[in-house]
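*Asks:* pasting the structure only:
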């Protein structure tokens, strides 16, 4: 992950010379599909992710572009709270994401943590598949708005946005410069 984000920082550094105004970069870190040995895998993956994001943010600050660069996590699934017999977990939903950048109002949690009780009020069954309090459409719409998509286009980009009250999350300060 660190090497991928380092390449992104290098492209950002020369973006003006290349005539690039806005870009989206995709970096990937696999290994979170932990059917077994989850703790050992996470002990390797999370420090790698943390160090890579911290170094990338520091690079954007050094380049003077932190206010115009946002890094965020995205995943199509989460993990169950109840472990498997091989010290892993099964596929679930209702995961958490990270957003960082100069325009991000950081240090806050948006949404609500579930009641960590198997079969409890936030569990869709008895395995710890938490019901999210914030939709992926709200998350995506918030990012898309910061990137310059007008509010009037959000229902087209995110067809389910109206079903969640059309409320963006609000983790951004002022819009990014064009």
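*Replies:* That came through, no problem. Note that the structure is predicted; figures quoted are calculated from it, not measured. Numbering: from 1, shown residues only.

*Asks:* angles on the backbone of residue 67, please.
*Replies:* Backbone dihedrals for residue 67, given as degrees, to the nearest 10, come out at phi -70, psi -20.

*Asks:* that one: neighbouring residues, count only.
*Replies:* Neighbour count for residue 67, taken as other Cβ atoms under 10 Å: 16. C-betas here are computed from N, CA, C, even on glycine.

*Asks:* please report how far the residue nearest to it when sequence neighbours are not counted lies from residue 91.
*Replies:* The spatially closest residue to residue 67, leaving aside those adjacent along the chain, is residue 102, at 3.8 Å (Cβ to Cβ, 6 or more residues apart in numbering). Per Cβ to Cβ, to the nearest Å, residue 102 is found 34 Å from residue 91.

*Asks:* neighbour count winner among those two?
*Replies:* More neighbours surround residue 102 than the other of residue 102 and residue 91, with 17 against 13 (other Cβ under 10 Å).

*Asks:* and the more buried one, what does it touch?
*Replies:* Counting by Cβ atoms under 8 Å, 6 or more residues apart in numbering, residue 102 makes contact with 60-61, 65-69.

*Asks:* apply 7 Å and report the result again.
*Replies:* For residue 102, the contact set (Cβ atoms under 7 Å, 6 or more residues apart in numbering) comprises 60, 66-67, 69.

*Asks:* what's the answer for residue 92, then?
*Replies:* 77-80, 128-129.

*Asks:* look at it and report its pLDDT.
*Replies:* Listed pLDDT for residue 92 reads 89.

*Asks:* bridged to it, which residues?
*Replies:* For residue 92, the beta-bridge partners are residue 78 (DSSP bridges).

*Asks:* in the host helix or strand of residue 52, what's buried?
*Replies:* Assigned by DSSP states H and E, residue 52 belongs to helix 38-63. Neighbour counts over helix 38-63 (16 or more other Cβ atoms under 10 Å) mark 38, 41, 45, 49, 52-53, 56-57, 59-60 as buried.
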